[in-house]
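Undergrad: my questions are about this predicted structure, shown below with the sequence.
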Amino acid sequence: MTESAFPIAALADQVPPRARKSLYPQAILDLHGVRLAGREKRALGDLFGLQNFGVNLTKLEPGAISALRHAHAKQDEFIYILQGCPTLYTDAGPTPLSPGICAGFKAGSGDAHRLVNESADDVLYLEIGDRSAGDQAVYPDDDLQAAFVDNSFHFTHKDSTPY
């Protein structure tokens with residue numbers, strides 16, 4: 001029997017939240033940081049050493065956003081609402097969500113998305129996404145783009161100059 005550094009099972013709400021609230025560059029955080037500060041992610045997939053896809057238990061406080069509106073070139077994303085009623089914003093506009101509703105975002109569709117908690121209660125949801133090498137993300141509402149290199153996102157301005 002081999003011993004693993006990873007647990008067999010865990011209580012999701014007991015997994016410590018990520019210490020760093022966001023990977024966005026400081027200039028972006030200066031613009032949107034307050035709304036991103038109300039987001040808490042618990043990296044469930046990382047706890048088990050998963051490498052091909054990530055799973056996060058994410059909480060949005062009232063007024064918080066999940067991310068800047070974005071679309072991935074190669075990485076699929078999926079969300080499942082556990083608690084609360086966020087609004088999903090896509091290129092089609094706002095869509096109200098509630099517990100039990102799920103949504104998927106196909107890689108390469110170009111349809112940018114994000115969740116916004118416009119309610120007075122916390123929102124809790126699962127987000128699942130793959131970690132395809134060579135991914136790029138576009139942010140149509142912000143001067144931002146990202147490339148997934150060496151298992152992490154690197155951000156630049158839309159003209160490719162670094163932050």
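TA: Yep, it's here.
Undergrad: make it CA atoms for all contacts and neighbour counts henceforth
TA: OK.
Undergrad: how about the helices of this protein, start to end?
TA: For the chain, applying DSSP state H gives helices covering 26-37, 44-47.
Undergrad: how about the shortest one: buried residues?
TA: Of all the residues in helix 44-47, those buried under the rule 16 or more other Cα atoms under 10 Å are 44-45, 47.
Undergrad: any chance of CSV for those, columns pLDDT?
TA: Formatted as CSV, the buried residues of helix 44-47 follow (pLDDT from 0 to 100):
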residue, pLDDT
44, 98
45, 97
47, 97
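Undergrad: in TSV: those residues, plus distance to residue 87.
TA: Putting the buried residues of helix 44-47 into TSV (distance: Cα to Cα, whole Å) gives the following:
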residue	distance to residue 87
44	24
45	25
47	29
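Undergrad: can you list the weak-confidence ranges in the chain?
TA: Judged against pLDDT under 70, the low-scoring parts of the chain cover residues 1-3.
Undergrad: where do the strands sit along it?
TA: Counting by DSSP state E, the segments of the chain that form strands are 39-43, 53-60, 71-72, 77-83, 87-90, 93-96, 102-105, 114-116, 123-130, 136-139, 144-149, 152-156.
Undergrad: reformat those strands as CSV; add distance to residue 9 and mean neighbour count.
TA: As requested, the strands of the chain are arranged in CSV below (distance: least, Cα to Cα, whole Å; neighbours: other Cα atoms under 10 Å):
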stretch, distance to residue 9, mean neighbour count
strand 39-43, 14, 22
strand 53-60, 14, 21
strand 71-72, 30, 25
strand 77-83, 20, 18
strand 87-90, 31, 18
strand 93-96, 33, 12
strand 102-105, 24, 15
strand 114-116, 28, 22
strand 123-130, 17, 20
strand 136-139, 32, 21
strand 144-149, 29, 19
strand 152-156, 26, 17
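Undergrad: among the ones you listed, which is nearest residue 162?
TA: Residue 162 lies closest, by Cα to Cα, to one member of those: strand 152-156, at 4.5 Å.
Undergrad: which helices and strands does that closest one pack with?
TA: Other helices and strands packing on strand 152-156, by 3 or more Cα pairs under 8 Å, 6 or more residues apart in numbering; DSSP states H and E, are strand 144-149.
Undergrad: for the strand it packs on, name the packing helices and strands.
TA: Helices and strands touching strand 144-149, as assessed by 3+ Cα pairs under 8 Å, 6+ apart, comprise strand 136-139, strand 152-156.
Undergrad: send me the longest one as PDB with only the CA atoms.
TA: Extracted in PDB, the C-alpha atoms of strand 152-156 (Å, rounded to 0.1, in the frame of the first residue of the first chain):
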ATOM      1  CA  SER A 152      -0.400  29.700 -14.600                       C
ATOM      2  CA  PHE A 153      -2.000  32.700 -16.200                       C
ATOM      3  CA  HIS A 154       0.200  35.600 -17.400                       C
ATOM      4  CA  PHE A 155      -1.600  38.900 -17.900                       C
ATOM      5  CA  THR A 156      -0.900  41.700 -20.400                       C
END
